[in-house]
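> just a sequence and a predicted model for now, questions to come.
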Amino acid sequence: MTLRFDEPAWLLVAAVVVPMAIAGARWLVSMSRVRRWACIAARCALVLVITAMLAGATAVRRTSNLAVVAVIDASGSVESFFDARDAEGRPVPALDAVRDALRPALTPRGPDDLRGVVVFGREAFAWSPVSRQDPFDAPLEPRVGEGTNIGAAIRLARAMIPADATGRIVLISDGNQTAGDALAEARTARGVAPIDTVALRYRVEAETVVESVDAPAVAPANSPVNVRVTIRATGPTRGTLTLLNNDEVVDVSPGEPGAGVRVEITPGRRVFVLQTPPLRGRVHRFEAVFAPDLIDPADPSAGYFGDRVAANNRAAAFTFSPSAGAVLLVDGVGGGNPTGPGSPLLSALERGGLEVRIVSTEAMPTDLLGLEAFDLVMLQNVARHALSEESHALLAAYVTELGGGLVMVGGPESFGAGGWKGSALEPLLPVLLDLPEQLIKPSAAVVLVLDNSGSMNRTVMGSMLSQMQIANEGAALAVESMDKTDLVGVIVFNSSHRVLVPLAPNAQAEETAAKIRGIWADGGTNLGPALRDAGRMLDGVDAEVRHVVVLSDGKSVAMETLPTIARSLQERGIMVSTIAVGDRADTETMATMAEVGGGRFYRVIDPTVLPRILVKAVRVVRSPLIREADFDPVILRTGSALTDGLPPGVPSLGGLVLTQARPEATVVYAMATPSGEPLLAHWNAGLGRVAAFTSDAHDWASRWLDWPGYERLWTQTARVISRPPADRRQEFTMELVGNRLRLRLDATDETGRPLDMLAVPGAVYAPGGVRTDVRLGQTGPGRYEAEINAEEVGTYVAMLAPRQGGSAMAPVVGGVTRSGGAEFARLESNDALMAAVADVSGGRVIAFEELGAASLFERAGVRPIEARTPLWPLLLPWAVALMLLDAGVRRIAWDRLLSRELGATLRREAAAAMRGRGEQAAAAADRLRRAETGVARHEAPERGPLTREDAMAIVREQAERRRAEREAALRTAQEATSPATRALHDRGASDESPGSDIDEGGLAAAKRRARQRIEEQTDGGAGTERGI
């Protein structure tokens, strides 16, 4: 091991110790020699230690440890195309074949050999950390997402190699990357961790791929469109080509059976042109699907004619057609049934000449492109939990950024009663969902009992999120959806349990949510004690609903006692609901608990829906937020266009959801209750408009159905709140080029001239809902462009908000789809890329058949590494200790403990003390004898007061006594010391000796001189009196 310094220039500071030592030797002369040099040594050592830390002192040693990290491609292309077989030639899963071939090669050869495994697809994760343990104890069953990112896998493997070990990476892949840059990562690994590559070679002989679908970005309204479909086949095939428009089949073969086109394809590429009927609507997502024929219709297991993988048999494109948008009615009353209980509102809008599409909450569009086809969205008695949190954010973006309209229609499931408090839509509503605290008492007291056992760490559906993270987010959203007057408590349990949040009013919902999001999983599962504790928290609480919500994904200890506990809670007026997560949960016991506990049981197989389930589970019917009593609406004279021209004699309504008026002056209140609660209000929110009607449109409004103003009110509301017709002169196109998304806007004025110097900010929403802000730069006359990364599979939606000077122009929306199965579009392995990775990193190319015999732990070609250990953590405590030592040496006269005079002085003082006690005892006895004599001589005359002469006599007597004591002590000390020491002591005791404190500490000498002055004053006083 050697010592090195990262910043050697700091070593020059060490030179200061030389003048420091010289100065100390000259200036510290009042100290004894040993103390003086100890002080100098401590100060110099302190400076040297600090200098070493500043210079970056590091211990360097060469290491022979070798860590081999296997990087295994688990993408769909490997599983589908690689022909893996066992030793007997039977087909086996590709990952099993890789594991069996790699196991002997990863067997350590010596004590310094380490091994680890990375498994990757679109995402990479460490299947087994670097250690000496066998990484293949369990079968490889990764969920890595669709795609192949070799670069990310190499980067993770490099990060796993310990700092004190050399590294080697073994990449096992087909080389068909769909994201990242493998060569760039391989170059950074050169000289650090060479990459040996093992190509999983294949060449598919019978496969059909839909490579692309091309459609015009913009098409005239009510006109047909030609859609071009490109198909590539490696062999002859036949089947049916079908075209979908917004998930509806388009008849592209009029007059023939079926809506699709029968095609026969020879090896190579072929282009098919499909013509659509005249387009209706604004947004059109065309998707082409090729369905190959079965080889044997009687035996589907025989496969398809010329095709093996269905994932690469479809592709999509978008076309926008300028036209008036429709109204989307999301029906929470009748589930989207046009003839159901929610139909009166639908009929009124249609009679008013509006195009309306009614859907259930489950059928609401899930991206901005789906909403772009509508100018207005109406939520009719829709509860918060009926829509996903992503849908809430989607609606908010639709209103504020795309200028769409939103109307929330009341009912028992709407506004605050429907749990919309804390949602993304709450700030957009023109009314406040909170009520004054004096009007309501706690509606609900809810205790969440959350399982945080180790099994909750399982990842969900190929994502990087665990069940615990999703459950935490769902519970946090549930708390945020509750009213601030509700009582909320949280208990977490594994092998034991603890109260995370005591039961208290939900006034600090954000703080409670933050605590919930910080829950981590570990341990076993023991629900019983936590359930009992939840019941104790709710006993004696005054609330309309007392509710325990239990979430677990496993089987609890003593699970047979859980229904009994739930029944006892129900008997005490506490409702118990349960949520079983995953396929390993004890659903039977959880269902029984909910049944006997008077609550509801939810079984969740897909944990991604947990947030909605938890919000639904904690929501209660909030009677304080609902007033069901007849009242006569009041039309306010605010000039609102929504109530303009309504006929007189407004019928009464049977109820409403209570809200408060906002303080903002921009809110327009069109109708209210006689007591002043808002009934109909609207305002602008971002680029769009939002209205709120706090009663309903069918039940509480049953007397309105025959009123002539019913149709007029809803028609005017829809037209006023809807997005106005936009200027469609801007042409916006989106194009996928490799892993990049290219955005281009061509802007012109009404005469067709290019518009220059525009500011074009915007946002792109990835398939997962992640937003990326962009700004297009001008690249030509009226042309603005930008590019971003786009590696995920799915639909990308972009929204642009161009501005000319200080004026906002109409927003522009576009979309493009990266079809699934991109990795299946390459029908042979990329052996060239695998060889290039090995070459640029300094590794080897190994055939898969030779992998088992490969010497992966061979040190040849691997440069030994120097393990560097910074020493500052070791030196810092020493610096602190030396600093304290330096102060102590200078401030404490510790050297007296080392002198011979100290021992003699202690013995002398001890003898004097003993002698003093004896003399005091003798004096006491003498006083007693004199007292007895005085009693016997009672006839003697009594003394008078002491005179001055008596006082001076006493002073002289005391001075003589002290002098005698000192002389006696001196004689005793002289008798106990050597002649040489006695002579030195005699000189020191002499009043005339000028150097008496040379060998004493400064403080000791000062004390001795003070004693001498006192004694001299005492003696002098006595002598004066004697002279008198």
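Cool, the structure landed. Residues are numbered from 1 along each chain as shown.

> show me what contacts Ile40?
Counting by C-beta atoms under 8 Å, 6 or more residues apart in numbering, Ile40 touches 20-21, 24-25, 28. Every C-beta, even on glycine, is put in place using the N, C-alpha and C of the backbone.

> could you redo the last one with a cut-off of 10 Å?
17, 20-25, 28, 886, 889 (C-beta atoms under 10 Å, 6 or more residues apart in numbering).

> could you do Leu379 as well?
328-332, 361, 364, 386-387, 395, 406-411, 413-414, 418, 420, 425.

> list buried residues within those residues.
328-332, 361, 364, 386-387, 395, 406-411, 413-414, 418, 420, 425 (16 or more other C-beta atoms under 10 Å).

> what's the local residue count around Val545?
Number of residues near Val545 (other C-beta atoms under 10 Å) recorded here: 17.

> and Leu538, by the same measure?
22.

> check contacts around it.
445-447, 487, 489, 503, 546-548, 569, 572-575.

> relative to Ala179, which of the contacts of Ile40 is nearest.
Checking the contacts of Ile40 against Ala179 with C-beta to C-beta, the nearest one is Val17 at 58.3 Å.

> what residues of the helix or strand in which that closest one is found count as buried?
If you go by DSSP states H and E, Val17 is part of helix 17-27. Buried positions in helix 17-27, judged by neighbour count with 16+ other C-beta under 10 Å: 17, 24.

> who does that helix touch, helix- and strand-wise?
Under the contact criterion of 3 or more C-beta pairs under 10 Å, 6 or more residues apart in numbering; DSSP states H and E, helix 17-27 touches helix 33-54.

> list the buried ones in the helix it packs on?
Buried residues in helix 33-54, counted by 16+ other C-beta under 10 Å: 35-54.

> return the subset of the contacts of Leu538 lying in strands.
Using DSSP state E, the members of those that fall in strands are 445-447, 487, 489, 503, 546-548, 575.

> okay if I get those residues as JSON lines plus pLDDT?
JSON lines is the format used below for those (pLDDT from 0 to 100):
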{"residue": "Ala445", "pLDDT": "88"}
{"residue": "Val446", "pLDDT": "91"}
{"residue": "Val447", "pLDDT": "94"}
{"residue": "Leu487", "pLDDT": "89"}
{"residue": "Gly489", "pLDDT": "94"}
{"residue": "Leu503", "pLDDT": "92"}
{"residue": "Arg546", "pLDDT": "90"}
{"residue": "His547", "pLDDT": "90"}
{"residue": "Val548", "pLDDT": "93"}
{"residue": "Met575", "pLDDT": "91"}
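
> show me where the stretch 601-750 of the chain has its strands.
Using DSSP state E, counting those that start in this stretch, the strands of the stretch 601-750 of the chain run over residues 626-627, 634-635, 656-657, 660-661, 668-672, 678-685, 688-693, 731-737, 740-746.

> of those strands, which is nearest Gln133?
strand 740-746 (41.2 Å).

> next secondary structure after the closest one?
Beyond strand 740-746 on the C-terminal side, the first helix or strand identified by DSSP H and E is strand 760-765.

> packing partners of the helix or strand following that next one?
Using DSSP H and E, the helix or strand that directly follows strand 760-765 along the chain is strand 771-780. Applying 3+ C-beta pairs under 10 Å, 6+ apart, we find strand 771-780 packed against strand 740-746, strand 760-765, strand 783-789, strand 794-800.

> strand 771-780 pairs with which strands?
strand 760-765 (antiparallel), strand 783-789 (antiparallel) (DSSP bridges).

> wait, Gly411 touches Leu653, no?
No: using C-beta atoms under 10 Å as the test, Gly411 is too far from Leu653 to be in contact (12.0 Å).

> mutual contacts of the two, please.
Counting by C-beta under 10 Å, 6+ apart, the residues touching both Gly411 and Leu653 are 694-696, 699-701.

> ok, so of those residues, who is nearest Asp251?
The closest of these, once distances to Asp251 are taken by C-beta to C-beta, is Asp696, at 40.4 Å.

> could you find the closest non-adjacent residue to that closest one?
Gly411 (4.2 Å; C-beta to C-beta, 6 or more residues apart in numbering).

> cool, and Arg740?
Nearest non-adjacent residue to Arg740, counting by C-beta to C-beta, 6+ apart: Glu787, 5.1 Å away.

> looking at it, the one you found is touching Thr772, isn't it?
No: Glu787 is beyond contact range of Thr772, at 11.3 Å (criterion: C-beta under 10 Å).

> find residues that contact each of those two.
Common neighbours of Glu787 and Thr772, using C-beta under 10 Å, 6+ apart, are Leu741.

> pretty sure Asp134 sits against Pro104.
No: applying C-beta under 10 Å, one finds Asp134 not in contact with Pro104, separated by 11.6 Å.

> domain assignment for this protein?
2-62+869-895, 65-200+830-863, 208-307, 325-434+622-721, 444-613, 731-810 (automatic domain parsing).

> now tabulate those in TSV and tack on distance to Ser819.
Output for the domains of the chain, formatted as TSV (distance: least, C-beta to C-beta, whole Å):
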stretch	distance to Ser819
domain 2-62+869-895	51
domain 65-200+830-863	11
domain 208-307	8
domain 325-434+622-721	16
domain 444-613	18
domain 731-810	7
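
> so which of those comes closest to Arg971?
domain 2-62+869-895 (29.1 Å).

> run the chain-centre distance for that closest one.
45 Å (C-alpha atoms, centre = their mean, to the nearest Å).

> what is the mean pLDDT for that domain?
Confidence over domain 2-62+869-895 (mean pLDDT, whole number) is 86.

> helices and strands of the chain: which one bottoms out on pLDDT?
Within the chain, no helix or strand scores below helix 979-989, which has a mean of 45 by mean pLDDT, DSSP states H and E.

> wait, which of the contacts of Ile40 is closest to Asn452?
So of these, ranked by how close each gets to Asn452 (C-beta to C-beta), first place is Asp886, at 51.2 Å.

> ok, now how distant is the closest one from Ile788?
60 Å (C-beta to C-beta, to the nearest Å).

> give me the more crowded residue out of the two.
Using other C-beta under 10 Å as the criterion, Asp886 and Ile788 rank with Asp886 on top: 20 against 15.

> wait, Glu677 touches Ile626, no?
No: assessed by C-beta under 10 Å, Glu677 is found out of contact with Ile626, at 11.7 Å.

> what's the overlap in contacts for these two?
Applying C-beta under 10 Å, 6+ apart, one finds that Glu677 and Ile626 are jointly contacted by 656-658.

> where does the stretch 301-450 of the chain dip in pLDDT?
302, 436-443 (pLDDT under 70).

> show me where it has strands.
For the stretch 301-450 of the chain, the strands defined by DSSP E, counting those that start in this stretch cover 314-320, 326-331, 356-359, 374-380, 405-409, 431-432, 444-451.

> closest one to Val60 among the ones you listed?
In terms of C-beta to C-beta, the element of the strands of the stretch 301-450 of the chain nearest to Val60 is strand 444-451, at 48.8 Å.

> packing partners for the helix or strand just after the closest one?
Per DSSP H and E, the first helix or strand lying C-terminal to strand 444-451 is helix 467-481. Judged by 3+ C-beta pairs under 10 Å, 6+ apart, helix 467-481 is in contact with helix 389-400, strand 444-451, strand 487-493, helix 509-517, strand 545-552, strand 575-581, strand 598-604, helix 610-618.

> quick one: buried residues of the longest one?
When neighbours are counted by 16+ other C-beta under 10 Å, the buried residues of helix 389-400 are found to be 389, 391-400.

> with mean pLDDT and distance to Tyr202 added, can I get the helices and strands packed on strand 771-780 in a markdown table?
Below are the helices and strands packed on strand 771-780 laid out as a markdown table (pLDDT from 0 to 100; distance: least, C-beta to C-beta, whole Å):
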| stretch | mean pLDDT | distance to Tyr202 |
| --- | --- | --- |
| strand 740-746 | 92 | 28 |
| strand 760-765 | 91 | 35 |
| strand 783-789 | 93 | 29 |
| strand 794-800 | 86 | 27 |
